[in-house]
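> model the following, please.
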Amino acid sequence: MSSKMFRPLAAALCGLAMAAGTDAVAQDKVVVKIGSITMNDTVHNMMKDFKARVERRAGPRIAVEVFPLSQLGAAARQIEGVQLGTQEMVALPPSFFVGVDRRFGVIDSPGVFDTVPQGQATVLDPEFAQKFWMLGEAKGMIGVGMYCSDPNMYAFRAPMQTLDDFKGKKIRVFASPIEFELVKRYGATAVAMSLEEVLPSLQQGVIDGVRSGLSIFVPLKFYTTAKYVVRTEETITCPIQMASKAWLDRLPADIRQIVTEEAIAANRANLAFSLEFLKRNEKIWTDNGGTLVALSPADREELRRRVATVGDEITRDKPAEREILDLLRKVAARNRS
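Numbering: from 1, shown residues only. Predicted coordinates for the structure are as follows:
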């Protein structure tokens with residue numbers, strides 16, 4: 001997708017508060033704190049690339065400080081900081097923002113994406129981005145970039161071979177209605193908890209498994225405790241980079257333009273790293289004693305049947321959420337190769 005297609009979106013983002021913003025601070029050095037809850041993964045790579053791009057283009061007028069692994073606090077604290085303007089940016093999967101607006105959780109509807117590249121093309125498609133990235137505007141935050149990393153899977157403490165093995169298991173998920181419904185349809189119990197609690201909970205047997213992807217399982221060394229991964233791949237993780245609206249409003253116009261344009265560029269460029277990272281993690285996982293289980297054709301067909309209506313069920317009688325789901329499906333279909 002050419003950069004020209006993103007120019008209207010970048011212009012809209014940097015012009016959101018031109019009337020409210022001021023250029024009086026144009027000579028002040030801008031410090032940007034961007035945080036995440038993970039490290040040495042695709043999000044961390046995107047943040048480092050964003051830093052390099054912005055500082056190269058803006059020179060000494062701006063400094064981007066990267067804080068991975070919850071150095072700025074847990075996800076909820078960082079989201080609150082962005083809303084209040086005490087933290088400039090945070091990069092997280094959209095389901096972390098369902099407390100801000102439930103519509104963010106719609107991205108987890110199963111059966112929408114076939115591949116990571118298709119997901120990336122969808123979330124960066126201007127028609128989708130102009131709507132989805134702005135869902136948090138009224139609550140003080142605006143999306144400035146988004147990308148897709150890897151398919152979702154399940155890591156368990158005990159060996160798993162079939163779909164029936166999910167029954168009765170306690171599985172950590174995001175606090176998203178769609179993820180709760182997904183796990184329920186496997187006959188398991190969903191347990192929402194912060195990422196830093198997951199590994200201890202697995203070690204202590206509080207939960208049996210966790211729903212995420214290899215880009216999380218490998219860097220955090222889940223193979224030491226939950227080495228049995230089942231490939232379900234019903235959805236794809238697509239983190240979003242959210243910026244404080246209050247902070248963007250205060251930026252000089254040219255700096256605001258640099259930040260928003262380079263955020264899109266860094267997220268778009270992250271696809272190549274994500275695909276290579278996924279291949280590398282598969283090898284690291286198995287080299288460290290982890291297993292990767294592919295469901296049988298019959299189980300995969302049964303899985304698709306069970307989850308096909310999750311998005312429709314969760315958005316039933318919720319027209320605002322259904323509007324986002326319909327848009328997501330429409331744009332995903334257009335970007336299916």
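> worst-scoring helix or strand of this structure, pLDDT-wise?
Least confident helix or strand, the chain: helix 7-14 with a mean of 66, by mean pLDDT, DSSP states H and E.
> next secondary structure element downstream of that one?
strand 30-35 (DSSP states H and E).
> ok, and what's touching that following strand?
Here strand 30-35 makes contact (CB atoms under 8 Å, 6 or more residues apart in numbering) with 47, 50-51, 54, 58, 61-68, 70-73, 78, 87-91, 241, 251-252, 255, 259. Every C-beta, even on glycine, is put in place using the N, C-alpha and C of the backbone.
> just the buried ones from the residues you listed, in ChimeraX syntax?
Here is the ChimeraX command that selects only those of these that count as buried (16 or more other CB atoms under 10 Å):
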select :47,50,51,54,58,61,62,64,66,67,68,70,72,73,78,87,88,89,90,91,241,251,252,255,259
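> just the ones of the contacts of strand 30-35 in helices?
47, 50-51, 54, 58, 78, 255, 259 (DSSP state H).
> tell me the two of those that are most distant?
Ala58 and Gln78 (23.5 Å; CB to CB).
> sorry, back to before: for the ones in helices among the contacts of strand 30-35, which one is nearest Leu292?
Nearest to Leu292 among those, with distances taken as CB to CB, is Met47, at 27.9 Å.
> which residues does the closest one contact?
Taking CB under 8 Å, 6+ apart as the test, what Met47 contacts is 34, 36, 66, 68, 91.
> between those residues, which is nearest Phe128?
Using CB to CB, these come closest to Phe128 at Ala91, 18.1 Å.
> that closest one contacts Met242, doesn't it?
Yes. Counting by CB atoms under 8 Å, Met242 is a contact partner of Ala91 at 7.5 Å.
> show me the shaky parts of the chain.
Low-confidence segments of the chain (pLDDT under 70): 1-8, 11-12, 14-27.
> ranges for the strands of it?
All strands of the chain, identified by DSSP state E, fall at 30-35, 62-67, 89-92, 141-146, 151-156, 170-173, 189-192, 209-212, 228-236, 240-244, 291-294.
> okay, Ala269 and Val218: tell me how far apart.
For Ala269, the distance to Val218 (CB to CB, to the nearest Å) stands at 21 Å.
> go on, Asp150?
10 Å.
> which of these two has more neighbours?
Set Asp150 next to Val218 and count neighbours by other CB atoms under 10 Å: Asp150 wins out with 25 against 22.
> ok, that one - contacts?
42, 116, 213-215, 236-237, 274, 277-278, 281 are the contacts of Asp150 under CB under 8 Å, 6+ apart.
> cutoff 6 Å now
Applying CB atoms under 6 Å, 6 or more residues apart in numbering, we find Asp150 in contact with 213-215, 278.
> want to throw these into CSV with distance to Glu196 and neighbour count?
Compiled in CSV, the contacts of Asp150 are given as follows (distance: CB to CB, whole Å; neighbours: other CB atoms under 10 Å):
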residue, distance to Glu196, neighbour count
Gly213, 17, 24
Leu214, 19, 27
Ser215, 17, 24
Leu278, 23, 18
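> now the closest residue to Ala158 other than its chain neighbours: how far from Glu88?
Excluding the flanking residues, the one nearest Ala158 by CB to CB, 6 or more residues apart in numbering is Tyr228, at 6.6 Å. Distance of Tyr228 to Glu88, computed by CB to CB: 40 Å.
> quick check: closest non-adjacent residue to Gln203.
Thr225 (5.2 Å).
> His44 contacts Phe67, doesn't it?
No. Look at His44 against Phe67 with CB atoms under 6 Å: they stay out of range, at 10.0 Å.
> before we move on, back to that, what would the strands of the chain look like in CSV with distance to Val98?
Shown next, in CSV, are the strands of the chain (distance: least, CB to CB, whole Å):
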stretch, distance to Val98
strand 30-35, 19
strand 62-67, 23
strand 89-92, 11
strand 141-146, 13
strand 151-156, 16
strand 170-173, 12
strand 189-192, 10
strand 209-212, 15
strand 228-236, 15
strand 240-244, 12
strand 291-294, 29
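> out of these, which is closest to Asp108?
Smallest distance to Asp108 across the strands of the chain (CB to CB): 5.3 Å, for strand 228-236.
> which elements pack onto that closest one?
strand 151-156, strand 291-294 (3 or more CB pairs under 6 Å, 6 or more residues apart in numbering; DSSP states H and E).
> most packed of those strands?
Neighbour counts (mean count of other CB atoms under 10 Å) averaged over each of these peak at strand 151-156, with a mean of 24.
> listing partners with orientation, what would you give for it?
strand 209-212 (antiparallel), strand 228-236 (antiparallel) (DSSP bridges).
> among those strands, which is the most enclosed?
Among these, highest average neighbours (mean count of other CB under 10 Å) belong to strand 209-212, with a mean of 26.
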